[in-house]
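Enquirer: how would this look folded up:
(one chain, ligands or ions: 2)
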Amino acid sequence: MLETTIAPPGVESAVRCRGLVKRYGELVAVDGIDLDVRVGECFGLLGPNGAGKTTTVEILEGLLERDGGDVRLFGLSWDHDERALRERIGIQLQETQLPEKLTVEETIRLFRSFFRRGREVDEILEAVQLTEKRKTWVSRLSGGQKQRLSVACALVGAPDLLFLDEPTTGLDPQSRRALWELVEAYRAGGGTVVLTTHYMEEAERLCDRVGIMDRGRIIALGSPQELIASLDAEHIIEFSLPEGASLPPREELLALAGVTALHQRDGTVQLVVREPHAALPALLDALGRHGTGLADLRTHHATLEDVFVAHTGRQLRDG
Ligand SMILES: Nc1ncnc2c1ncn2[C@@H]1O[C@H](COP(=O)(O)OP(=O)(O)O)[C@@H](O)[C@H]1O
Ligand SMILES: [Mg+2]
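Expert: Numbers count the residues shown, from 1 in each chain. Ligands and ions are numbered 1, 2, ... in the order given. So this is what the prediction gives:
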């Protein structure tokens, strides 16, 4: 059995899993996942609700039994090195229920007591910008403050690896940015992060690499730039037709100048294009020839959301 945290030079993995499987009865929640997260990296699992993100990270965190596959964190396994691993990782669960009648400071002290080594309470309070709230009950905190407190609890043991499960879901934009800055500060100190999110902006902003997850599988993997570049065109034209109108033939739209792909869902059509300034007039022209009006027309630079659509034909957000 591997007893060492020292991996071969240059290839140290903070997380390495192979063939991870988790079933709930008939449902295969995690369907054979391989992952390598490098030390110092921020790795994101991006996918819609029900994709299997929480199940995956809870297995990696040693909180949930797997049905198959192998998991190593820093070369150690939960089966043999649980104590050593608990000291090295920090966990923020998707739904953290902190005791309502403890103050912020008491909560952090409680979590600090679980670890032999760790950071000072004052230092943590400062890092998560809750110093002014130290005497406030958890029940009196805003959503964003509670979320930062749960990250504080994950950071008190000075972990080498931090797991964040949907850290900003439900937060307002300002709280979200505060949490992003917290993650960036942790990384600047050399920490490794594994996070899950269904916000593509979050994955683009924070992650060095992203695994796009759907129905228990990783369907695309790479840096946000690589994934977007894999669309083979950087812009999206999205439009919808008026009620009852029918779309010109697909082949005709795909043959328009600079169009590389077409995705259609409900009443909305997306064209993946190289040059919107060439494709737009050609599109309007084609619609005009067929006497088809437009209810709505937008263009945007391609995002990870578009990568998801390209692989699944569905949107990230509406599941
Ligand atoms: N304890 C459980 N019992 C039965 N099914 C579960 C359980 N936990 C999760 N699932 C199912 O497994 C799938 C993946 O869930 P989850 O990992 O929570 O996805 P995500 O975090 O990406 O939203 C979903 O279909 C979910 O309903
Ligand atoms: Mg989840």
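
Enquirer: So Leu182 versus ligand 1, what's the distance?
Expert: Leu182 sits at a distance of 21 Å from ligand 1 (criterion: Cβ to the nearest ligand atom, to the nearest Å). C-beta here means a position set from N, CA and C on the backbone, and glycine is covered the same way.

Enquirer: Could you do Cys207 as well?
Expert: Separation of Cys207 from ligand 1 (Cβ to the nearest ligand atom) stands at 16 Å.

Enquirer: Could you tell me how many residues sit around that residue?
Expert: Neighbour count of Cys207, defined by other Cβ atoms under 10 Å: 23.

Enquirer: Dig out what the nearest residue to it once chain neighbours are set aside forms beta bridges with.
Expert: In space, and not counting its chain neighbours, Cys207 is closest to Gly44: 3.7 Å by Cβ to Cβ, 6 or more residues apart in numbering. Note on Gly44: beta-bridge partners Leu195, Val210, judged by DSSP bridges.

Enquirer: Please report how far Gly44 lies from ligand 2.
Expert: 13 Å (Cβ to the ion, to the nearest Å).

Enquirer: Please name the residues that touch that residue.
Expert: Neighbouring residues of Gly44 by Cβ atoms under 8 Å, 6 or more residues apart in numbering: 194-197, 202-203, 206-207, 209-211.

Enquirer: Swap in 7 Å and give it another go.
Expert: 195, 197, 203, 206-207, 210 (Cβ atoms under 7 Å, 6 or more residues apart in numbering).

Enquirer: One more: Ala203?
Expert: Residues in contact with Ala203, defined by Cβ under 7 Å, 6+ apart, are 44, 46, 197, 210, 224, 304.

Enquirer: Please report phi then psi for it.
Expert: Torsion angles at Ala203 (phi, psi; degrees, to the nearest 10) stand at phi -60, psi -40.

Enquirer: what's the answer for Ala310, then?
Expert: Backbone geometry at Ala310, expressed as degrees, to the nearest 10, gives phi -60, psi -30.

Enquirer: Can you give me the neighbour number for it?
Expert: 21.

Enquirer: thinking again about what came up before, got TSV for the contacts of Gly44, with pLDDT and distance to Val183 too?
Expert: Below are those laid out as TSV (pLDDT from 0 to 100; distance: Cβ to Cβ, whole Å):
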residue	pLDDT	distance to Val183
Leu195	97	7
Thr197	95	11
Ala203	95	12
Leu206	97	6
Cys207	98	10
Val210	97	14
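
Enquirer: closest to ligand 1 among those residues?
Expert: Of all these, ligand 1 sits closest to Thr197, with 9.9 Å by Cβ to the nearest ligand atom.

Enquirer: The closest one: neighbouring residues, count only.
Expert: For Thr197, using other Cβ under 10 Å, the count is 25.

Enquirer: thought it was touching Leu171?
Expert: No: in this structure Thr197 lies outside contact range of Leu171 using Cβ atoms under 7 Å: 11.6 Å.

Enquirer: Contacts only, for Leu227.
Expert: By Cβ under 7 Å, 6+ apart, the contact set of Leu227 is 210, 220, 304, 307.

Enquirer: before we move on, what SS does it have?
Expert: Classification of Leu227 by DSSP: H, G, I helix; E, B strand; the rest coil places it in helix.

Enquirer: What separation do you get for it and Gly44?
Expert: Distance of Leu227 to Gly44, computed by Cβ to Cβ, to the nearest Å: 11 Å.

Enquirer: ditto for Val273
Expert: Relative to Gly44, Val273 is positioned 27 Å away (Cβ to Cβ).
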